[in-house]
Structures are given as C-alpha cells and as structure tokens.
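>>> Got a predicted model here, sequence first, then my questions.
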Amino acid sequence: MGARGLFVTGTDTGIGKTEVSLALMAALQRQGQRVLGMKPVASGAKSSGQGLRNQDAERLRAQGTFNVPYDWVNPYAFAPPIAPHLAASETGIPIEFTGIRHAYQALASQTDWVVVEGVGGWRVPLGAEGGVAELAKALGLPVILVVGMRLGCINQALLTTESILAHGSEFLGWIANCLDPAMERLEENISTLEREILAPLLGRVRHRYHPAPNALACDLEGFAALQSPLSQSGRGV
C-alpha cells in the first residue's frame with residue numbers, strides 16, 4: 001500500500017510554505033510516522049559540487065525520517081530566481097509532470113507520508129501541462145492552504161480557496177501563518193477567514209525568529225485532530 005501525501009500551497013510566494021511544510025512533517029513524525037518531504041519545482045537554486053541545490057528543498061530533505069536522493073525531493077531545480085515557467089523556458093528544460101510523478105512514487109515507496117510543497121502560489125504556471133493547481137490534481141493529493149497573515153490576506157485567501165475547489169482538489173483545510181507580529185486586528189482577520197472558508201483551520205503558526213519545526217508543530221492543533229481521518233485518504237499516484 002502506498003504512502004499518504006499532502007500538497008501544501010500558499011496564497012503567495014514568501015508566506016512560509018516551507019516552514020509550515022517542515023512543521024507538518026514534524027507533527028507526523030511525533031506520531032511515529034515515517035515522513036519525507038518534496039519540493040518538485042524550485043527556482044533560485046545554487047551551484048554545488050553535486051549540481052544545483054535549492055535551500056528550501058534541502059531543508060525538506062534534511063527533515064525527512066531518512067536520507068533519500070536529492071533528485072527525488074527536487075526533480076526540477078533552476079538557477080534563475082524567477083517564475084518557474086520562465087526559468088524552464090530560459091534554461092530549455094521543460095517541466096514535465098511524468099518526471100515529478102516518478103520522483104513522488106519513488107519517495108512514496110519508502111515511507112508512510114510525503115509532504116509536497118508547491119512553488120509560489122496556487123495558480124503559478126509551470127509549463128505545457130498546467131501549473132501548480134494541475135500538478136496537485138495530477139498527483140492526486142489533498143491540499144492544505146497556507147495563508148500568510150498580513151494586510152490583503154483575506155482577499156488572497158478567499159480567491160485561492162475558490163480556485164482550489166473549482167479545480168476539484170480535496171481541500172483539507174488552511175493554516176494561518178502569522179508573518180507580522182505587529183499586524184493590526186490579527187485575531188479579527190483570522191476569525192473572518194474561519195467564517196468565510198468552508199474548511200477547517202488546522203493551526204495558527206505564531207511568529208518566531210529562527211523557528212524549529214518541532215516548535216511550529218505545536219501550533220497545528222487542528223491538523224493533529226485531523227490525522228486519524230487522514231489515515232483513510234490522501235493516497236497519491
């Protein structure tokens with residue numbers, strides 16, 4: 001029987017998808033689950049002795065229960081720090097879902113859970129086969145939305161939620177990532193989103209400097225409550 005998986009997307013780039021993905025991995029590991037992380041597409045990668053390496057992908061790999069080849073975690077790494085479809089075009093390396101599926105299946109064959117972090121926001125294009133939304137559907141994974149709590153997040157969160165549902169993906173819930181400790185009316189904004197988003201709030205990740213995944217995992221109370229029902233779903237390709 002294959003591993004279960006989660007697809008983590010966000011309202012925008014730079015809103016903490018990697019931190020939340022690491023926290024989700026830590027939360028599952030605290031339950032005794034074997035977990036591996038994946039970031040199928042990443043730009044802004046740096047050259048190393050082993051080829052291009054993306055920092056976020058390396059962090060997901062390091063959080064994994066055991067070591068796996070980097071190419072399984074991040075099959076498409078691009079050096080230009082630009083939108084992935086532009087980086088793919090510029091480098092002449094098209095992003096193909098078949099390659100991503102093969103890497104996902106390799107990870108899934110080794111573990112209980114795979115936490116997949118999308119690139120940018122939900123509607124970021126990737127190539128001829130579609131974008132992040134189409135990739136999540138192709139992998140057959142339920143979606144968790146990370147909402148970066150800052151001015152303007154309500155509109156972004158509601159539009160992203162509508163798009164997730166319109167694409168027919170299973171929407172597990174959302175996580176409020178508190179980016180700005182001085183945000184005005186933070187609790188009121190979270191309450192508004194709880195009322196408007198017809199999916200559970202899985203956690204409120206408090207603002208921390210240099211947070212450890214295990215510390216962030218403590219903020220995911222709603223996700224912890226969801227883990228038992230999840231055992232019956234979330235199996236990807």
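The structure has been received and is ready for your questions. Residues are numbered from 1 along each chain as shown.
>>> Helices along the chain, start to end?
Remark: helices assigned in the chain by DSSP state H are 17-30, 55-63, 70-73, 84-91, 97-108, 132-139, 153-166, 186-196, 213-217, 221-230.
>>> want to throw those helices into TSV with mean neighbour count?
C-beta here means a position set from N, CA and C on the backbone, and glycine is covered the same way. Compiled in TSV, the helices of the chain are given as follows (neighbours: other C-beta atoms under 10 Å):
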stretch	mean neighbour count
helix 17-30	24
helix 55-63	19
helix 70-73	20
helix 84-91	18
helix 97-108	19
helix 132-139	22
helix 153-166	17
helix 186-196	14
helix 213-217	19
helix 221-230	14
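>>> Out of the ones you listed, flag the one nearest residue 203.
Residue 203 sits nearest to helix 221-230 of all these, at 5.4 Å, using C-beta to C-beta.
>>> quick one: average confidence on the closest one?
Taken as a whole, helix 221-230 has a mean pLDDT of 73.
>>> cool, and stretch 121-141?
Average pLDDT, stretch 121-141: 98.
>>> Isn't residue 100 up against residue 73?
No - checked against C-beta atoms under 8 Å, the pair residue 100 and residue 73 is beyond contact range at 11.3 Å.
>>> Could I get the helices of the chain in TSV, plus columns for distance to residue 121?
Formatted as TSV, these follow (distance: least, C-beta to C-beta, whole Å):
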stretch	distance to residue 121
helix 17-30	9
helix 55-63	15
helix 70-73	21
helix 84-91	12
helix 97-108	18
helix 132-139	7
helix 153-166	7
helix 186-196	16
helix 213-217	21
helix 221-230	21
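>>> Determine which of those approaches residue 172 most closely.
Closest to residue 172 of those is helix 221-230 (C-beta to C-beta; 6.7 Å).
>>> picking up where we left off before, list just the one of the helices of the chain that sits closest to residue 146.
Closest to residue 146 of the helices of the chain is helix 17-30 (C-beta to C-beta; 4.9 Å).
>>> For that closest one, which outside residues touch it?
Contact with helix 17-30 is made by 6, 8-10, 35, 37, 39, 56, 59-60, 63-65, 112-113, 115, 117-118, 144, 146, 175, 177, 203, 205, 211, 213-214, 216-217, 219-220, 223-224, 227, as judged by C-beta atoms under 8 Å, 6 or more residues apart in numbering.
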